[in-house]
Structure formats: structure tokens, C-alpha cells
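Asker: output the structure for:
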Amino acid sequence: MAACSQETGDKMALAETSVVCLGVYFGAGIIVAILFLSFGVSRIDHAAKGASPFFRPMVFLGCIALWPYIILRFLSLKKINQPDNVSPGREAP
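Answerer: Residues are numbered from 1 along each chain as shown. Predicted structure coming up:
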């Protein structure tokens, strides 16, 4: 009977650890999402500057879930959706 109690305790410890890890992950995601959507999204994506007021709330949950990618993308500062600075008749490099 003691072995059954030990096994149940191990499962509870694993469950508690999993919940804490998910809480930390999503807590960090909320912080990154708020900061990114407030200050950083227009630096990476030019099209976000003129987006509708519903844009930021729509992508908020995605930012929470994908916050490690957002940090890597922000640190690389690779811009997307930049306007073309190519004159008519010239090809882009």
C-alpha cells in the first residue's frame, strides 16, 4: 500500500511541476506580448503601422504562445513588409 501512495505522490509532483512550468511560460508570454504589441511590432512589420484597431487584440494570444520566436525575431531585427524603394523601370536587387 505504501508503494501505491508513493506512486501517487510522484504523479502529483509531476503534475504540479508541469502546471508551474506552463504558468511561467505563459506568464513570460503575456509580458513579451504586451511589450511587443506596444512598442516592437511596428519596428519589425511595416504593415502593422497602419493596421486596424482590432489587429493587436487578434494577435495577442498568438504572441503569448509564440513568444520565444518573437524575441528571436525582434533581436534579429529582420524587417518584413517593407515598402519597395524601387523606381519604375528598375528591378529590385
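
Asker: helices of the protein, residue ranges please.
Answerer: Using DSSP state H, the helices of the chain run over 2-35, 41-44, 55-65, 67-76.

Asker: run through this structure and note the low-pLDDT ranges.
Answerer: 1-5, 78-93 (pLDDT under 70).

Asker: at 80 instead, please
Answerer: By pLDDT under 80, the weakly predicted segments of the chain are 1-7, 42-47, 50, 77-93.

Asker: centroid-nearest residue for it?
Answerer: residue 67 (2.5 Å; CA atoms, centre = their mean).

Asker: now do the contacts for that one.
Answerer: Counting by CB atoms under 8 Å, 6 or more residues apart in numbering, residue 67 touches 28-29, 32-33, 36. C-betas here are computed from N, CA, C, even on glycine.

Asker: distance of it from residue 76?
Answerer: 15 Å (CB to CB, to the nearest Å).

Asker: what does residue 16 give?
Answerer: Counting by CB to CB, the gap from residue 16 to residue 76 is 36 Å.

Asker: thinking again about what came up before, ranking the helices of the chain by burial, who's on top?
Answerer: Mean neighbour count, computed with mean count of other CB atoms under 10 Å, is highest for helix 41-44 among these, reaching a mean of 16.

Asker: show me what that one packs onto, helices and strands only.
Answerer: Here helix 41-44 touches helix 67-76, going by 3 or more CB pairs under 8 Å, 6 or more residues apart in numbering; DSSP states H and E.
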